[in-house]
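A.B. asks: give me a model of this one.
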Amino acid sequence: MSQPAVTIHPYFKIHPGQLDAARALLPRFVAQTTSEPACRFYDFTINGDTVACREGYDGAEGTLAHLANVGDLLGEMMKISDLARLEIHGPAAELAKLKGPLADYQPAWFEYVCGLER
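C.D. replies: The predicted structure is shown next:
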């Protein structure tokens with residue numbers, strides 16, 4: 001079986017009056033991500049004025065490739081929102097590869113312990 005995915009969980013607090021603009025960006029993020037072979041899953045949910053993304057990748061390399069791929073869209077999202085919280089979950093060895101490149105985002109790091117994957 002493959003190793004557990006590296007998962008990213010960003011929470012964007014949308015600026016007042018910008019929820020429709022944020023909603024319009026979400027399908028563009030999904031369309032941009034569909035070509036990524038290391039992406040295991042990718043989806044968005046909304047709670048009031050908070051947009052959450054649930055995304056999983058094969059290792060740190062897949063994670064970094066995704067961030068490079070959607071960089072322009074992420075820049076657009078950051079103009080209409082604040083990054084309220086960012087969680088990165090995964091195996092310790094993969095997290096270690098991400099700590100330098102993602103340090104500016106100040107994520108909360110969650111080390112994989114055990115689980116079930118089907």
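A.B. asks: ranges for the strands of the chain?
C.D. replies: Per DSSP state E, the chain carries strands over the ranges 6-14, 39-47, 50-57, 81-90, 108-111.
A.B. asks: you'd agree residue 70 is up against residue 31?
C.D. replies: No: shown here, residue 70 and residue 31 do not form a contact pair, counting by CB atoms under 8 Å, at 10.2 Å. Heads up, the C-betas are built off the backbone N, CA and C, glycines and all.
A.B. asks: neighbour count: these two, which is higher?
C.D. replies: Using other CB atoms under 10 Å as the criterion, residue 70 and residue 31 rank with residue 70 on top: 20 against 10.
A.B. asks: need the contact list for the residue nearest to that one when sequence neighbours are not counted.
C.D. replies: Leaving aside its sequence neighbours, residue 70 sits nearest to residue 32 (CB to CB, 6 or more residues apart in numbering; 5.3 Å). Contact partners of residue 32, counting by CB atoms under 8 Å, 6 or more residues apart in numbering, are 69-70, 73.
A.B. asks: export these as CSV, with columns for distance to residue 42 and pLDDT.
C.D. replies: Below are the contacts of residue 32 laid out as CSV (distance: CB to CB, whole Å; pLDDT from 0 to 100):
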residue, distance to residue 42, pLDDT
69, 11, 98
70, 10, 97
73, 12, 98
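A.B. asks: just put those residues in TSV and tack on distance to residue 62.
C.D. replies: What follows is those, written out as TSV (distance: CB to CB, whole Å):
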residue	distance to residue 62
69	10
70	13
73	17
